[in-house]
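> Fold the following, please.
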Amino acid sequence: MPLQPPPIDEDGAVVPHNHSGIADEHRVIRRISTHQIVADKYGVRRLSSLAFKASSGANGGMSVDLEQLIIEAGLVPMDYVTTPRWFGSLVYEVRELRAMNLQVGFEPLEDNPYHGEVWGIFDRPTQRHLCETAVWFVEIEGVAIAA
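Sure, this is the predicted structure:
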């Protein structure tokens, strides 16, 4: 079922929110690019902290794709989120994110109508918890989620 439009401010920007149409049992997909991979001092490739942070900006959140919307559109989520730039991805249950006091909302983009955001305070403990609870959706061979 299509989601209701998200709340927007007077400038037309999406306001951080917990969207009522995104159920706790739904999942969100966090895409991973080469910029989010580092090698530690032992040469082990792992995800950097960038994979578990919000983007900059006034209403910046952690960008995700809403799996349920992708499925409802008749698309294959693993195929949809995988591109040459985004060649891996993680998945989270919405209830896990909300249990961390994060908001999960809908923020459709012109080129991605299934886009969402996760908003909240992305301090070190939250980033660590995001790393510990992350599960590969599209695994990147030879890259560890946590070192």
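
> The nearest residue to His17 once chain neighbours are set aside pairs with what?
Ranked by CB to CB, 6 or more residues apart in numbering and with sequence neighbours excluded, the top spatial neighbour of His17 is Gly105, at 4.5 Å. Any C-beta I mention is one placed from the backbone N, CA and C, and that applies to glycine too. Note on Gly105: beta-bridge partners Glu117, judged by DSSP bridges.

> ok, how many other residues are close to Met100?
By other CB atoms under 10 Å, 16 other residues sit near Met100.

> I'd say it and Gly120 touch.
Yes - with contact defined as CB atoms under 8 Å, Met100 counts as touching Gly120 (7.2 Å).

> anything in contact with each of those two?
Listed contacts common to Met100 and Gly120 are Thr126; contacts here mean CB atoms under 8 Å, 6 or more residues apart in numbering.

> So for the helix ranked longest in the chain, mean pLDDT?
Once the chain is assigned using DSSP state H, the helix that runs over the most residues is helix 124-133. For helix 124-133, mean pLDDT rounds to 95.

> Note down every partner strand of the very next helix or strand once past that helix and its orientation.
Once helix 124-133 ends, the next helix or strand along the chain (criterion: DSSP states H and E) is strand 135-138. Paired strands of strand 135-138, with direction, are strand 88-93 (antiparallel) (DSSP bridges).

> what about Pro16, which SS state?
coil (DSSP: H, G, I helix; E, B strand; the rest coil).

> what's it in contact with, if anything?
Asn59, Gly61, Gln103, Gly105, Glu117, Trp119.

> separation between the closest residue to it other than its chain neighbours and Glu72?
In space, and not counting its chain neighbours, Pro16 is closest to Trp119: 3.7 Å by CB to CB, 6+ apart. Computed with CB to CB, to the nearest Å, the distance linking Trp119 and Glu72 is 23 Å.

> Leu130 now?
Leu130 is 26 Å from Glu72, by CB to CB.

> With that, I have no additional questions.
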